[in-house]
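Peer 1: Build me a model:
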Amino acid sequence: MIVRTGPPPKLDQYAYSVRVERLSHAHDNTEQRILNAAIKLFATRGYAATGIRPIADAAGVTTSSMYYYARTKSDLLISVMSTGLGELLASGREVVAHSDDPFEQIRGLIKVNATFGASNPERARVIDNELQWLRDEGRSLVFSLRDSYEQLWADAIASGVEKGEFHVRSASLARLALIEMCNGPAHWYRPDGAMTLDEIIAAFQDMASALLRTEQFDPKSSSR
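Peer 2: All right, here's what the predicted structure looks like:
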């Protein structure tokens, strides 16, 4: 969800604390309540304006018991971002492996990204908006997941260009534009809106075809 505009920092790729990894794979109901409370408050108030006590209150636990599950507020932010990006990466790898056709890969990635944002709007907005608060091990993990996910898009575009199916002035700019477009539903999609999610995804796929200048796009046949 986080769009890279420059080279990634040179950080240890998988440096990550045991406590955050455990929280990221929360199965205990209390852990999940804490994560859900953190997501909602980070999304509505912002990370910097949210303290541990409001998270504990929203989760229905004491502040002292909070520290058993998360030693710092940063642990919660890292967990929210890493689980979200991990889901995107896993789903993205699955759709890319399903087809060797570059545009089908792009179509699949569009569906994955837009569906994630529409289905998890608060978590997606935290991933989009709170990157600047990450430090050290957490920053390394999140950047690694983000870069691996974006590389799926980059590889699909590069493959299309190499095969002569895509014609773009800048492959990196095309990647940025497509991901940014697909991040949109997290901010404005409503189930009772003018378009269904499937219609939005289809429109995005049409736009991607036009942007990449593939032969599959026929403006006369498109109703969007």
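Peer 1: list the contacts for the spatially closest residue to Pro191 that is not a sequence neighbour?
Peer 2: Computed as CB to CB, 6 or more residues apart in numbering, the closest residue to Pro191 that is not its neighbour in sequence is Leu197, at 7.7 Å. Quick note: C-beta positions are derived from backbone N, CA and C, even for glycine. Leu197 is in contact with 114-115, 118, 185, 189, 191, counting by CB atoms under 8 Å, 6 or more residues apart in numbering.
Peer 1: Repeat that for Ala114.
Peer 2: 182, 184-185, 197, 200-201, 204.
Peer 1: residues in contact with Met195?
Peer 2: Shown here is Met195, whose contacts under the criterion CB under 8 Å, 6+ apart are Ala203.
Peer 1: Relative to Arg213, how far out is the residue nearest to Pro191?
Peer 2: 26 Å (CB to CB, to the nearest Å).
Peer 1: How about Arg45?
Peer 2: 43 Å.
Peer 1: which element follows the lowest-mean-pLDDT helix or strand in the chain toward the C-terminus?
Peer 2: Lowest by mean pLDDT, DSSP states H and E among the helices and strands of the chain is helix 18-24, with a mean of 47. The helix or strand immediately downstream of helix 18-24 is helix 29-45, counting by DSSP states H and E.
Peer 1: chain center to the helix or strand just after that following helix: distance?
Peer 2: Per DSSP H and E, helix 29-45 leads on to helix 52-59 as the next helix or strand towards the C-terminus. Its chain's C-alpha centre lies 25 Å from the corresponding centre of helix 52-59 when counted by CA atoms, centre = their mean, to the nearest Å.
Peer 1: What is helix 52-59 packed up against?
Peer 2: Here helix 52-59 touches helix 29-45, helix 63-69, helix 73-98, going by 3 or more CB pairs under 8 Å, 6 or more residues apart in numbering; DSSP states H and E.
Peer 1: can we see that at 7 Å?
Peer 2: Secondary-structure packing of helix 52-59 (3 or more CB pairs under 7 Å, 6 or more residues apart in numbering; DSSP states H and E): helix 29-45, helix 63-69.
Peer 1: quick one: which of those is nearest Arg146?
Peer 2: helix 29-45 (17.3 Å; CB to CB).
Peer 1: residues in contact with the closest one?
Peer 2: The contact list for helix 29-45 (CB atoms under 7 Å, 6 or more residues apart in numbering) reads 23, 26, 50, 54-55, 58-61, 66, 69-70, 76-77, 79-80, 122-123, 125-126, 130.
Peer 1: Could you rerun that using 8 Å?
Peer 2: Against helix 29-45 from outside (CB under 8 Å, 6+ apart): 23, 26, 50, 54-56, 58-61, 65-66, 69-70, 73, 76-77, 79-80, 121-123, 125-126, 130.
Peer 1: Relative to Met181, how far out is the residue nearest to Phe166 when sequence neighbours are not counted?
Peer 2: Spatial nearest neighbour of Phe166, chain neighbours left out: Gly160 (3.4 Å); criterion: CB to CB, 6+ apart. According to CB to CB, Gly160 and Met181 sit 17 Å apart.
Peer 1: Please apply the same query to Thr83.
Peer 2: Look at Thr83 and Met181: by CB to CB, they are 23 Å apart.
Peer 1: more neighbours, the two?
Peer 2: Thr83 (20 against 17; other CB atoms under 10 Å).
Peer 1: How confident was the prediction at the more buried one?
Peer 2: If you check Thr83, the pLDDT there is 93.
Peer 1: and what of Phe42?
Peer 2: We have a pLDDT of 97 for Phe42.
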